[in-house]
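[1] sequence and predicted structure are below.
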Amino acid sequence: MDILTGTIERITYQSEETGYTVARLRPEPDACRTAENLSRASTRDGLLTITGELAKIAPGEQVEVGGYWVTHKQYGKQFKIVESRPIRPTTTDGIRKYLGSGLIKGLGPAKAAMIVDHFGEDTLQVIEKTPNRLSEVRGIARKTINVIRSGWEEQKHIQEVMQFLLGHDVSMAYAVKIYKTYGNEAIRQVTENPYRLSTDIWGIGFKTADKIAMNLGVDPGDPARVQAGIRYVLETRAEDGHVYVPREALVEECTGVLDVDPAAIPAGLEALIRAEVVVRSNDWIYLQPLYYAEQGIARHIARLVDHPRTPPSGERIDEHIRHIEKDRDIVFNAEQREAIHTSASQSVMAITGGPGTGKTTCVQGIVYLFHRVGGKVVLAAPTGRAAKRMSEVTGAEAKTIHRLLEFNPGVMEFGRNADNRLEADLVILDESSMVDTAMMNALLRAVKTSARFVMVGDVDQLPSVGAGNVLRDIIDAGHVPVVRLTEIFRQARESSIVMNAHRVNRGEMPDTKNRNQGDFFFINEPDPSAGADTIAELCTDRLPRTYGLDPFNDIQVLTPMYRGDIGVDQLNQKLQQVLNPAGSSLKRGDRELREGDKVLQTRNNYGKMIFNGDIGRVTRIDPDAQTVDISFHETVQYDYGELDELIPAYAISVHKSQGSEYPAIILPLYSTHYIMLQRNLLYTALTRARALAVLVGTPKALAIAVKNNQVVERYTGLREALGEMIGARPGVLPGLAT
């Protein structure tokens, strides 16, 4: 690594979010040991370009930077910064530029020149030690002195904090986030408890905070570290879908993660219980929000069920159904009629069924029924894509749960809640299998007690990405009516996708006889690397040429895993190269982002109202402003520091595809995915395809997936909670439909 020293002449760009800087540097004589590179990089004015993460700097400031030389396609040779150290200017010219650069608000070039002309090389010492002496300068008023004093203190603190953090292996991007969160208290906060970083700042997890703590000399057995480790394990298990963790399993896992004596864990656990961070219930350990959300679901369902209501007679409902069939040219089968009857007679119900069984038609019938009797109906879905599809097929407006509940990102709260419930007589929730514990509780608490609540979904699909298995738990608990739609309609029976999805769900091998004009194909390709090439060819040539499909908008590659030749990461690199090989780009670590790329949001960003699973396209990369424009349902701007929220989306995991439909899907299936080859994963992938499904892989891997019905169980307590709140009161739900 080369070491380079010099004076900052001007700042071309510096991001407040990340510290990323493009600056022009005047190198000192003998500033770099690779004189040839220095000579070739310098321009006629003797300046060279340095780029990278820097603490806040100003023209006139001297710096020492370590890094290496790179050649930019457009801007030529540059010095890429790896580490840096500021050196305050010592010459009067340097000090004049430094102070007049805008470093201190209220002190411009003219006043800076007056001060430096008076104090010369002692200027910075005067400002630092005896700022009242600035009154010696004619034209510098008391008000200006106060501005200079406070501005100097502010920038000094920023430098101190940045140098402290960078000296403890904190990246500049994290250092900026830490300073923005804690301000001048950053050093004290980080020193006293570095583990608070993992709870206070998104993007800094336990492992990063632990690395900082170890650099600060924190004892491995420190109670703060143990408590942070317990939270980390609980949060990690929640990300895996678990609402709680059994105490014994938690102690064992925390011992391994922290590498401490197992006896240290119970004390840390008790401290977290006293602090109401976690909750213990029957030796089940919950993060507090998940415990109250799970209890809330059961309590609100019981509230709806307990409300006295007089259902209409069966004859009256049948009369409405006949009118609906005549008006809408629909013929309901017996299962759908049962669902419509149940929606009118019961407080809470679930409708479940596979593709082609008429769930949407069923919802249409329920909506029309309630409209006929003057009831107000609201439709909700967990994602924007699912809500849009629900609106299209029902003809009624559907909203995402966040939009329906009037989420306010400013205060991070829902406007609709227990104190301000929805004005609706019926709430229908589509794609209910996707809804996790926290979101289901938020929705239910906003449903007024006199309303009815209908959940619609396919219980055999993968459970929610978030913690819980809510729809399955509610159905398995047996305390609310459930109508299972099993009859496949004639139009659906003509689709090989639909029929093969049902075969898979029954544990039968799909029909892999590829037929002309068919909508389901299996390509036998034993080698995963060759399979990746086949997928690239399908996306770029065969499917667009044969079916007129757009590779970006119509084709979605789904894959069971992230790693390996046929995983999400490698497929995205390959597909980016063949689908979007050129154009303006930027590098983030080992990942390159290009204009035109298809990207997926990986977390809920409430400030932008873009949510986990949303897919967009990169429309503009501005290297000067360090911003990226992404087109979702509207164009949203990201700073470079926010790009860790996005990943390429040419290929996505099957889990991330939930709630979406695509004209065509391509699914690789190989034994290298063995751990993820499960029946419900294959079934979920197939049900994402609207018009075409292409499987690429081996018959062996396909058979493994079909036969493996061992669903990974999640630790959830909803069934027990429902039993306690509803099951103890027999007779509450007469006429249970199954």
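    Structure's in. What do you need?
[2] what's the burial count for A442?
    A442 sits with 21 neighbouring residues when counted by other Cβ atoms under 10 Å. Where C-beta positions appear, they are placed from N, C-alpha and C, glycine not excepted.
[3] please verify my assumption that it contacts L405.
    Yes - if you go by Cβ atoms under 8 Å, A442 and L405 touch, sitting 6.2 Å apart.
[4] can you pull out the strands in the stretch 601-738 of the chain?
    Listed from the start of the chain, the stretch 601-738 of the chain has strands (DSSP state E, counting those that start in this stretch) covering 615-622, 627-631, 635-639, 646-648, 651-653, 662-669, 689-697.
[5] quick one: closest of the ones you listed to R421.
    R421 lies closest, by Cβ to Cβ, to one member of the strands of the stretch 601-738 of the chain: strand 635-639, at 30.9 Å.
[6] quick one: mean pLDDT over stretch 500-520.
    On average, the pLDDT along stretch 500-520 is 91.
[7] rewinding a little: can I get the strands of the stretch 601-738 of the chain in a markdown table including mean pLDDT and mean neighbour count?
    Shown next, in a markdown table, are the strands of the stretch 601-738 of the chain (pLDDT from 0 to 100; neighbours: other Cβ atoms under 10 Å):
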| stretch | mean pLDDT | mean neighbour count |
| --- | --- | --- |
| strand 615-622 | 90 | 18 |
| strand 627-631 | 91 | 19 |
| strand 635-639 | 89 | 17 |
| strand 646-648 | 90 | 22 |
| strand 651-653 | 94 | 24 |
| strand 662-669 | 95 | 24 |
| strand 689-697 | 94 | 23 |
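[8] and T123, which of those is closest to it?
    strand 635-639 (34.7 Å).
[9] okay, now the sheet partners of that closest one, with direction.
    strand 627-631 (antiparallel) (DSSP bridges).
[10] could you check the angle strand 615-622 makes with the strand it pairs with?
    150 degrees (axes from the mean of the first three to the mean of the last three Cα atoms, to 10 degrees).
[11] beta-bridge partners for W284, please?
    Counting by DSSP bridges, W284 forms beta bridges with P246, S281.
[12] what number of residues are in the vicinity of it?
    W284 has 18 nearby residues by other Cβ under 10 Å.
[13] try R493
    The tally of other residues near R493 (other Cβ under 10 Å) stands at 13.
[14] between A442 and L405, which contacts overlap?
    F414, N417 (Cβ atoms under 8 Å, 6 or more residues apart in numbering).
[15] before we move on, the earlier item: can you list the strands of the stretch 601-738 of the chain in JSON lines and add distance to I301?
    Formatted as JSON lines, the strands of the stretch 601-738 of the chain follow (distance: least, Cβ to Cβ, whole Å):
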{"stretch": "strand 615-622", "distance to I301": "33"}
{"stretch": "strand 627-631", "distance to I301": "38"}
{"stretch": "strand 635-639", "distance to I301": "36"}
{"stretch": "strand 646-648", "distance to I301": "36"}
{"stretch": "strand 651-653", "distance to I301": "31"}
{"stretch": "strand 662-669", "distance to I301": "34"}
{"stretch": "strand 689-697", "distance to I301": "33"}
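[16] out of the ones you listed, nearest to K574?
    Across the strands of the stretch 601-738 of the chain, K574 has its closest neighbour in strand 651-653 (8.7 Å, Cβ to Cβ).
[17] what strands line up against the closest one, and which way round?
    In the sheet, strand 651-653 lines up against strand 555-559 (parallel) (DSSP bridges).
[18] so which residues make contact with the partner strand?
    So strand 555-559 is contacted by 535, 538-539, 543-544, 549, 566-568, 571, 575, 650-654, 657, 660, 662-668, 673, 685, 688 (Cβ under 8 Å, 6+ apart).
[19] quick one: contacts of the helix or strand following that strand?
    The first helix or strand that comes after strand 555-559 along the chain, using DSSP states H and E, is helix 568-579. With contacts defined as Cβ under 8 Å, 6+ apart, helix 568-579 is touched by 532-533, 535-536, 539-540, 551-552, 557, 559, 561-564, 592, 594, 597, 647-653, 668.
[20] tell me which strands and helices the helix or strand following helix 568-579 is in contact with?
    Per DSSP H and E, the first helix or strand lying C-terminal to helix 568-579 is strand 585-588. Helices and strands touching strand 585-588, by 3 or more Cβ pairs under 8 Å, 6 or more residues apart in numbering; DSSP states H and E, are strand 591-594.
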